[in-house]
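Visitor: Sequence and predicted structure below; questions after.
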Amino acid sequence: MNALARTLIASALIAATAAASAGPRHYYGARHHHHHHHRSSGLGALVVGLAVAVPLIALARQADQAERAPDVVYVPPPAPLPPPAPVYAPSRAEPVIYPRNGQSNVQLEADTRECNRWATTQQAAMADASVFNRAVEACMDGRGYTLR
């Protein structure tokens, strides 16, 4: 606590005690003897002194802490970034399939179903459309079709 704060607190206590103990005084002549039963003003002075001094002590402590506090500024961590948007390869148009060996439309449909089924068994084909399409194209090429 700095010297100015101590001086203010001590002055406030002294002033409050003096103000609380200074009350109306009744002086009567020498012949008149009058007894009044007053409570001691010491307790009132103490209460008033504390009522003034306690807030001053709190202010002085705050000032001390502010003087001693390091210049640390809390910076909250940045908000997490949203997950990146998935990147999709541009979809290719459905290939046009030409039979190289004179296969019928019924055979073309049967071979297409079989190649699609087989492509689903290839690693990463279900997660990546381009892998699936390449697998189907390779299968259809192996069965005698040209894809464009």
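Guide: Happy to help now that I have it. Bear in mind that the values here come from a model prediction, so they are computed numbers and not experimental data.
Visitor: Double-check that residue 76 belongs to a strand.
Guide: No - counting by DSSP: H, G, I helix; E, B strand; the rest coil, residue 76 is not found in a strand; it is coil.
Visitor: which residues touch it?
Guide: Contacts for residue 76 (CB atoms under 8 Å, 6 or more residues apart in numbering) come out as none. (Each C-beta comes from the backbone N, C-alpha and C, glycine too.)
Visitor: ok, so what distance separates it from residue 82?
Guide: To residue 82, residue 76 is 18 Å away according to CB to CB, to the nearest Å.
Visitor: Ok, residue 111 next?
Guide: 44 Å.
Visitor: More neighbours: these two, which one.
Guide: Higher neighbour count among residue 111 and residue 82: residue 111, with 19 against 6, using other CB atoms under 10 Å.
Visitor: What is the neighbour count of residue 125?
Guide: Neighbour tally, residue 125, other CB under 10 Å: 18.
Visitor: swap that for residue 134, sorry
Guide: 14.
Visitor: what's the pLDDT at residue 40?
Guide: Note on residue 40: pLDDT of 54.
Visitor: Contact partners for residue 125?
Guide: So residue 125 contacts 119, 131-132, 135 (CB under 8 Å, 6+ apart).
Visitor: Got the phi and psi for the spatially closest residue to residue 100 that is not a sequence neighbour?
Guide: In space, and not counting its chain neighbours, residue 100 is closest to residue 144: 4.8 Å by CB to CB, 6 or more residues apart in numbering. Note on residue 144: backbone dihedrals following degrees, to the nearest 10 are phi 100, psi 30.
Visitor: From residue 110, how far off is residue 144?
Guide: Applying CB to CB, the value for residue 144 to residue 110 is 13 Å.
Visitor: Listing request: residues of the protein with sub-threshold pLDDT.
Guide: Residues of the chain meeting the criterion pLDDT under 70: 1-2, 5-6, 8, 10, 12-50, 52-53, 64-70, 87-92.
Visitor: what's the neighbour count on the nearest residue to residue 139 once chain neighbours are set aside?
Guide: Leaving aside its sequence neighbours, residue 139 sits nearest to residue 115 (CB to CB, 6+ apart; 3.6 Å). Residues lying near residue 115 (other CB under 10 Å) number 19.
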